[in-house]
Structures are given as C-alpha cells and as structure tokens.
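**Q** sequence below, structure please.
(3 chains)
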Amino acid sequence: MLASYLTLAAVLFCIGFYGVLTKRNAIIVLLSIELMLNAVNLNLVAFSKYGVNPALTGQIFSLFTMTVAAAEAAVGIAVLIVLYRSKATVNADEFDELRR
Amino acid sequence: MATVFSPYAWLVPAFPFVAFAVLTAFGRSLSRTGAWLATAGTFLSLVLSLVIAIERMTGAAEDYRGGYEWLRIGDFSLPFGFEVTNLAALMLVVVTLVAFLVNLYSLGYMKGDDRISVFFAYVSLFTFSMLGLVLADNLLLLYIFWELVGVCSFLLVGFWYQKPEAKAAAKKAFIVTRIGDIGLLIAILLLFWYMPDHALDFVSLHNVFDPQNGGTISLGITTLIALLIFLGAAGKSGQFPLHVWLPDAMEGPTPISALIHAATMVAAGVFLVVRTFDVFEASQAAMDTVAIIGAFTAIFAATIGLAQNDIKRVLAYSTVSQLGYMMLALGVGSVPGAMFHLFTHAFFKALLFLGAGSVIHAVHTQDIREMGGLGRRMKITAWTFGIGALSLSGIPPLAGFWSKDAILAAALADRPWLFVVGAIAAFFTALYMSRLFFLVFFGKPRGEHGAQAKESPGVMTFPLLVLAALAVVAGFANTPWNGWLGQWLTGNAEADHASALAIVVSVAVGLLGFYIGWLVYVKGAVRRDVLSSRLPGVVRLLERKYYIDELYAWLFVRPLRALGDALTAFDTHVVDGAVRLVGAAANGIGKLNTRLQNGQLQTYGLAGLLALVVLVVAIAGRRFW
Amino acid sequence: MLNFNIDFTGEFFAFFLLSVCAIVGAVLAINFAKVVHMALSLAFTFVSLAGLFILLQAEFVAFVQVLLYVGAVTILMIFGIMMTKHQDEEKARSRPLLETLAAIGCLCLFGILFYAIRAASFPLPAAKLPDNNTLEIGKLLYSAYAIPFELVSVLLTVAFIGAVALAKREEEKP
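**A** Below you'll find the predicted structure:
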C-alpha cells in the first residue's frame, strides 16, 4: 500500500518537474513547483501512516512544508509581477540575463 | 723498426682541418689569403706525408697504431685512433700530393669567383676527410670519414648551385653513393654481430679472417659481408650498376673532378677493399664477383667513352673504366696490382683533368666538337695532356704501362678470359684517348674562341708539369722484374709476374688504338662517321650511355616519386585532415556548449536533471555491471 | 519486481479513483492551451490530493491542503495570471530539443524512483495512528515542535512583508 502512494507521489513529482522545465509562462513554472511540493507532502504523509514507525511527525512536517510553499509562492508571484513591470513579458525564454 | 715520425701522422689530416675551420670562420673577410692558407695547409700535410713515407721505405718499419678509447658500452670498446701502415703511408702521399697540386691549380682556375673561400674551405674539409679515412684504424671510424667524403663531394659537385644541372648532379651523386653506403653499413653491423668481442678494427679483422684461423665465421656470412663491403666500394668507385653518378658529377668545377673524382675519393672504394682484403680472400665467391664486375665495368665504360662529346665526360668514363681495372686486379687476388694502378692512375688522371680544365679555361666550352688546333697555341697543356693520354693508354715506358701490365699479367695467370676482356678494354681506352687528344689539339680551330686561346697562367701549368713528370717515372716503382712496391705494401715477397704474352698484347693494343685514332682523326684516311652511318643505332646506344639513366628513372625514380606523391597526399588529407578534424571537433563542441549557456533557467534545470539521472544510474547501477 | 500484491479493498478502490483524478489533473495542467485552464485543473489535482490525505487518516492536513493550496495558492496564481499578459498564449516557437530531453529526463527520473520503490522492502507498520488526528497534531505542535512553529510564523511574516515591499509600485517623485 505504501508503495502505491510512493509511486503516485513519484508520478506527480515527475509531471511537475516536466512542467518546470518546459513551460514558457513563468507563472505556470511556479505552479508546477507547487505540484512538486505537493507530491513531497503526499510522500511524507504516506510514510507517516504506513512507514516503519507510524507517527504524526510526517504530517507535522508536511504542514510546515505547506506553509513554506505558500510563502514561497507569494514571494514568487511578487517577484514575477515586478519583473513583468520591467520586461513586459512573463515568457521564461526572455529572462536570459544569466548569460551575461 | 720503430718509426720516429709515424706517431705524428695525426697531424697530416689536422692541417687541412685547421685550414677548413679558419676559412669557414673568417673566409668572407680573407678571400685571397684564405686560398693561399688552404694551399699552405695541404703543403704542410704533403711534407709530413713524404717524411713518414720515406722513413718507412728505408728499412722494415712496423705498423704504428695510436689513439684512445672513444666508446665503451659494456665490454665493447671502440677505439678512436689511427694506424700507419705502409699502405696508409702510400695513400697519404698520393692524396696530399694531388690535393696540393689541385689547390695550387685552383688558385688560377677559380680566380674571380666570389665564393672562392667557400670552395677552398670545402676542399680542405675534403682533404681532411680523405686523410682521416686513410688513417682510420677501425671500420666505424672509416665509415664516418667515408660519409664525410661523400658529403664533401656533394657540396663540391653542387658548388655552382645556381645551375640546375649542378644541383641535380650533386643530389644524384649523394643518393647513388648512399645506396652503396647502406651496404657498407650493413656489413659493419654484421661484423659487429659476428666478430669476437665485437671488434671492428682492422688488426682484429686480419686475425679473424686470416686463412690460418679460418672457420671462425661461416663462409656464407663471410661472403655476405664481403659482398656488402663491395657494394659500398662499388658506390664510391663507380662500378656498374652504381656508376651513373660519376659522369654527372662533372658538373662540378674541374679541379674537383681532378681531385675527387679521379684521384682520391673514387679510390676510396678500392682502398676499402684492400683494407678488408682478408674478408674477401676468405670467400672465393666474393672474389669472383669483384673480378667480374670490375672487368665488365672496365669494358662497359670504355665503350661509352668512345661516343661522348664532352671532354670531361670522356675522362669520367675513363675513370670508371680504370677503376674497373683496379677491381679486376683485386678480384684476381693482386693487391699490389690494384694499388700500383691506383697510384699511377691518380697522377695521370689528375693530369688529364687539370689539362682539360686548362683547355676549358681557354676556350670556354666543354664540347670537343668545338675545339681543335689548340696544340699550337697551348704548348704546355698539349704536351702534358699527351703524356697523360699515352700513360693512360698503357704505352711503355710511361707509368700507366707498368701498372696496367701488372693487372693484365695477374688476370692472365688467374683466368685468361678476364685477360681478354681487359685487353679489349685497353684497346678501347687507347682509341677514345687518341680520339680526344687529336680532336682537341690537332686540326683547325672549330669553335669561336679557338683562334684566341692562350696558354694558362703559371699556377695552372706548374701542377701539369709536376704530374706529367710523375706520370712518366712513377711506373718504375714496380716493374715485373723488380716488384719493390708490391713487397713494401703487402710484406710478401712477390713472385715474378713477368709474362711476355701480357706485355706484348698490352703494348700491341695500345699502339693499335692510337694508330687507328690517328688514321681517323688526323689523316682522315678513314671517315669519321664510318660507324655512325653504318650502325647509327649502336652509336646512339653508346652516346646515350646504354640508356641506363633512363632505365633507372623508369625503374626507381618514377615509382619512388609516385610513392612520394601518394604519401604527400596521405599526409595532407589524412594526417593533416585528422589534425584539422580535431580542431574542428573542438570548435564544434565549443559551439554546442554555447547553446547550453543561453541564460535560461529551464536549460540549466534540464542540465541538472540529466546530470542527476546519469550520476544516479552510474553510481547506483554499479551493482549491475 | 513487477508483481504487485494488491488486496482489492474499498480503500484501494478509493485510492485508485483519487489518484486517477490527481494524475489527470496534473497532466491536463501541463497540456491545456489557456493558462487559466491550467491553473484550474491544477486546483482539481490539489483537491484530489486532499482526498488522498483523508484516506491516509491525515484529516487536518487535508483541510489545510484545501485551505492553503486550493484556496490561497491557486487564487494567488490566478491573480498573477490576470495581472500579467496571458492573452497571447503559447506561441508557435517551440523548443523541441528541450522538451524531448526534459521528457526523457523526467521519465528516467521516474524510472529510478520507481525502481527504488520496488526494490525497497517495507515492513508492515508496527502501530496505528491515533484516532483524533487534529488533537494530536495540536498537542505535538505546541509541545515538541513549538520552535519550528514559531519559526514558521516568523517566516510567514517576513514573506508577507517582503512580497508587499517587492510589489509596491514606485511612487512618482514630484
């Protein structure tokens, strides 16, 4: 049973990773990151119930993760909005200042 | 008896070497004095050589050997030294005398040339190398000087390098003698392999190959070594089939032809065989080869000489022919005969070449068809040339007669058919020499300069006179009734080789040749083109040297050149292509990597993912392989 | 490795249903044309995940998931989409090499993870979770995990202030 949950989490993680790497709209990239974090949460909670020593630690950890993810999403959107104001686009292709 | 002066024999090559060093360093500023310096160097060598030789002649002198150890590898020791035997003393005198006279002659002949000090530097270097070759006490040292002599020949033949024929001739000389040199090198390697203690000096060679100790080295190997040594000698001495370089080497200045290609370097081949004669004597097959090739070369070159029109070419083929005689003598076992002929040949051939140079200096052409009637205007040259021609043809009592007779008598005693071949070649010799002499010095002047030809200056005629005198008297050193030279050289009492048949036949053919030449070219009793009109094919064959050069070009030069072209193409396309491929690959990889660094986060993220996957698979997957 | 011992219980049936919803939602999120549709389909995934959490006896986490993700994060994303240009959708300029390599990489990653999961042997759980989930979480939060709890609240404050500071429009200088 644990294996099924873990497999599902892996699937969601990989889909999220694919979205991060491929999507052109930066907002969608952030969204895909949220998906990846969700997969991690699922992993944690699954281990909390079906793991070797079932305890609530996994769930508490997942709560913290969720909080951090939400904070990160907020800051990310703020940054993106500022970037949009200066570059007039949210196309991830066009953010290539790292090249210089 | 121990000799006083022999230990100083190392000075003999040292004087020319000092002259060479000084001329190379300061030649540009010295010019005229440099030339006199070189001449002085050879004069000193000549004086010392005469002293050494005369001392050795008065009383039985023992061989002197001096030097020190040069290389020591394990228990193999290679000495660096010189050995003064009677043979070496004779060669020293010959080489230094001719070198001195040639130096003197060149002062007049090469006057006005702006590279005159380079010329004298090269001549001094050559003299040094030749003397070193003569004095070397082991085969490896001899080989070093052998190669050095070849280099000097190359430098001097190509002295007027602006002429393409001179460049080609120099290359040809070097390359063809190289083929022979490889034979000598392999022989040295074989000797190194088989000789006890790997000894290469001539004393050890004599001890190992002496008939009393025979059997140390198998007959097959001995024959092989002897044949390889003969290959080296054939290259330097212009025996068939490696004779092709000598006539072309006439592109060099005439004094050089006299010094190198008449008297000394070409004699080095004969000298080598004499030095290693014990090896040859141990193998009858080798001796036969030497004799047959020598005889064949003698007659072969003589026939070509009949049809040449360049005065120096005729003399060149004559040299090849006479060297054939010397090899014939060695092949039938007569070392005194060969050395005696070497001795006399050096004088009269050098005389003939220097005389030819005098003629060329006067009429500015080398084609005998454009000469004529010079006898009236250039008396000294004509008289000395005539003496040289008679000596070469073997007319008694001149020197050439005695030495040629010694060879023919030895041949008669060994194998009569070789004697017949030698006699026929002697006839041809007389014929072409008389043709040359009469065409150049008799009749009416044919060329443009003939009428104004004047005798050459004193520096040029003095050597002619000296050599002419030697060409007359040198023969009395070894007559059939008093074989003094032979005994002095080899230490064995020579049997009386007097053979009436040999004397009569050789005199007869010599006189016959001269008479026919006189009939054809002076009296006009027989038409000049009697042969060329009846047998034009034969005459053309002789004129084109039996097409041997063309054969070699087709057989060796063209395939080698094609191989060279193929290899060049390989080098350009494959090797260079591979190098350029590496460059292009690096460039391509660089360009590829540029696309990776495009500043986009997603590219970097992808790179990270792929790297992670590869890492995990590589490390964690080790359990599978 | 590939023999799954599955006992077909109701739990498994519910799990299967919810996981299908989650995966479908995620895949559609990636593949929709319009950006807003992507965000909404991802919200659907979040809801299915909440259902999965309930199945895992993590009711509190499930509620927080719905509150936070479906409620806050999704709305935040939609706000972001609305405030930036979303009308010109994915242009024709595609990046085939990047997409192919990313797909391959992700497949390989999934393969590795799947292999690891299958190769591991998970012993049966020793104990069972307590029944009253929220109470127990509350107890743990305020006793054992109090410090992380406080830290997280500091973090939230900082994030909130930071986001406001970042996104504030520059005032026009008079």
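
**Q** low-confidence ranges in chain B?
**A** Within chain B, the stretches with pLDDT under 70 are B:1-2, B:59-61, B:211-215, B:450-451, B:480-483, B:491-498, B:525-533.

**Q** just the strands from it, written as ranges.
**A** Using DSSP state E, the strands found in chain B span residues B:64-73, B:76-84.

**Q** turn those into JSON lines, including mean neighbour count and distance to chain C.
**A** (C-beta placed from N, C-alpha, C; glycine too.) Listed next are those as JSON lines, based on neighbours: other C-beta atoms under 10 Å in any protein chain shown; distance: least, C-beta to the nearest C-beta, whole Å:
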{"stretch": "strand B:64-73", "mean neighbour count": "13", "distance to chain C": "64"}
{"stretch": "strand B:76-84", "mean neighbour count": "19", "distance to chain C": "68"}
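
**Q** nearest to C:Ala39 among those would be which one?
**A** Nearest to C:Ala39 among the strands of chain B is strand B:64-73; the distance by C-beta to C-beta comes to 88.5 Å.

**Q** dump the strands of chain B into CSV; add distance to chain A as well.
**A** As requested, the strands of chain B are exported to CSV (distance: least, C-beta to the nearest C-beta, whole Å):
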stretch, distance to chain A
strand B:64-73, 65
strand B:76-84, 70
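
**Q** now do the contacts for residue 70.
**A** Chain wasn't specified; assuming chain A. Taking C-beta atoms under 8 Å, 6 or more residues apart in numbering or on different chains, we find A:Ala70 in contact with C:68-69, C:72-73, C:156.

**Q** let's do chain C instead
**A** Taking C-beta under 8 Å, 6+ apart, we find C:Val70 in contact with C:43, C:46-47, C:50.

**Q** how does it look with 6 Å?
**A** C:Val70 sits next to C:43, C:46-47 when contact means C-beta atoms under 6 Å, 6 or more residues apart in numbering or on different chains.

**Q** same question, B:Leu141
**A** Applying C-beta under 6 Å, 6+ apart, no residues contact B:Leu141.

**Q** gap between it and B:Asp201?
**A** For B:Leu141, the distance to B:Asp201 equals 9 Å [C-beta to C-beta, to the nearest Å].

**Q** any idea how many residues pack against the residue nearest to C:Leu98 when sequence neighbours are not counted?
**A** In space, and not counting its chain neighbours, C:Leu98 is closest to B:Leu606: 6.3 Å by C-beta to C-beta, 6 or more residues apart in numbering or on different chains. Burial of B:Leu606 is recorded as 24 neighbouring residues (other C-beta atoms under 10 Å in any protein chain shown).

**Q** backbone phi and psi for C:Leu124, please?
**A** When quoted as degrees, to the nearest 10, the phi and psi of C:Leu124 stand at phi -70, psi 150.

**Q** any idea how far it is from C:Phe110?
**A** From C:Leu124 across to C:Phe110, the span is 26 Å (C-beta to C-beta).

**Q** more neighbours: which of these two?
**A** Under the neighbour definition other C-beta under 10 Å, C:Leu124 and C:Phe110 were set side by side, and C:Phe110 has more, 18 against 8.

**Q** scan the chain for its longest helix.
**A** As the question left the chain open, I've gone with chain A. The single longest helix within chain A, with elements called by DSSP state H, is helix A:57-87.

**Q** meant chain B, my bad for not saying
**A** In chain B, ranked by residue count with DSSP H as the criterion, the top helix is helix B:164-194.

**Q** now do the buried residues in it.
**A** Across helix B:164-194, burial judged by 16 or more other C-beta atoms under 10 Å in any protein chain shown covers B:166, B:169-170, B:172-174, B:176-181, B:183-188, B:190-191.

**Q** for stretch B:8-22, same thing?
**A** Residues of stretch B:8-22 classed as buried by neighbour count (16+ other C-beta under 10 Å): B:8-10, B:12-20, B:22.

**Q** now stretch B:456-472
**A** For stretch B:456-472, burial by neighbour count (16+ other C-beta under 10 Å) applies to B:456, B:459-468, B:470-472.

**Q** how far does that stretch sit from its chain's centre?
**A** Remark: stretch B:456-472 is offset 23 Å from the chain centroid, using C-alpha atoms, centre = their mean, to the nearest Å.

**Q** and for stretch C:43-58?
**A** 10 Å.

**Q** what's around B:Thr365, how many residues?
**A** For B:Thr365, the number of neighbouring residues by other C-beta under 10 Å comes to 18.

**Q** and the nearest residue to it once chain neighbours are set aside, what does it touch?
**A** Nearest in space to B:Thr365, with sequence neighbours left out and distances taken as C-beta to C-beta, 6+ apart, is B:Gly447 at 5.6 Å. B:Gly447 is in contact with B:363, B:365, B:370-371, counting by C-beta under 6 Å, 6+ apart.

**Q** please apply the same query to B:Phe442.
**A** Residues in contact with B:Phe442 (C-beta under 6 Å, 6+ apart) are B:Val522.

**Q** same thing but at 10 Å, please
**A** When contacts are counted by C-beta atoms under 10 Å, 6 or more residues apart in numbering or on different chains, B:Phe442 touches B:372-376, B:382, B:518, B:521-522.
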